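In: pasting the sequence and the predicted coordinates here, then a few questions.
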Amino acid sequence: MTDYDPLAALSDIHAKRGYLLPHHGLMAISTPHLLERYDSLYSALALEERHLSRHAHEFVWLGVLISCEESLGSHHVKRFVDAGGDAAHLGLATAISAMAKGSEGYLFVEDHWVPHLPAANPREQYLAAFAQVIGPVAPALAHMTACAVHTCSGNWRALKWQIEAAYQAGVNELELAEALSLAMFPGSVPYYVRAAEVWRQLIVKGAVPASDLFKQWAEISGQGGYDEASGVKG
């Protein structure tokens, strides 16, 4: 890459996205191949049309960014508005995100207080409260947004509850997969990996009515990473 011009590369990214962030320049001058592949991955993740509508895609993004308190992602607010979102929709995304984050209270009650009040059902109480919060948002979209929030938070038991509820709401599995993938950058790749495993185990155990394609994925052996491959874990 003797003719490589990092400033030209940055100009191309600015033209494509409408903004630059400091890490773009750092990669451009130090690891241009990484910048090229990073931009390709980000474009596929955030910019290209997949399964969700653009409005739903950006609605989930807002939930992800709110849950991570990631102010650098403010360009997604503009994308949300460009996709038809408004202040009322933002309020709903905020409420859904806050409710999902607040699921930790229900988990606490399940872990410590249900023995004192056996009739309590924190899972059902959480989902009932969640249904009250979502307002006019389609239940499937609300559950997908909450699933992404749980992924960013590493809240695996609540994610399990939410995936089960998403299936009950008739979620499109490919749309749910897209929603979870949006947590990959702000929430971390390891958390995305864990979220995929939570979903996979629900399918393996028959806890959700997965499609044949997703059942085939779930039943593939050897998905336990290096620990499984090396025999450290079965």
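Out: Cool, got the structure. Numbering: from 1, shown residues only.

In: low pLDDT regions in this protein?
Out: The chain contains residues with pLDDT under 70 at 1-2, 234.

In: packing partners of the helix or strand hosting residue 26?
Out: Applying DSSP states H and E as the criterion places residue 26 in helix 22-30. Applying 3 or more C-beta pairs under 8 Å, 6 or more residues apart in numbering; DSSP states H and E, we find helix 22-30 packed against helix 6-17, helix 32-42. In short, each C-beta sits where N, CA and C put it, glycine included.

In: tabulate these (JSON lines), appending mean neighbour count and distance to residue 138.
Out: Listed next are the helices and strands packed on helix 22-30 as JSON lines, based on neighbours: other C-beta atoms under 10 Å; distance: least, C-beta to C-beta, whole Å:
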{"stretch": "helix 6-17", "mean neighbour count": "14", "distance to residue 138": "29"}
{"stretch": "helix 32-42", "mean neighbour count": "14", "distance to residue 138": "27"}
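
In: can you pull the contacts of residue 182?
Out: 45-46, 57, 60-61, 64, 148 (C-beta atoms under 8 Å, 6 or more residues apart in numbering).

In: PyMOL command for the buried members of those residues?
Out: To isolate the buried members of the contacts of residue 182 in PyMOL, using 16 or more other C-beta atoms under 10 Å:
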select buried, resi 46+57+60+61+64+148
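
In: tabulate the helices and strands packed on helix 22-30 (JSON lines), appending distance to residue 136.
Out: Formatted as JSON lines, these follow (distance: least, C-beta to C-beta, whole Å):
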{"stretch": "helix 6-17", "distance to residue 136": "31"}
{"stretch": "helix 32-42", "distance to residue 136": "31"}
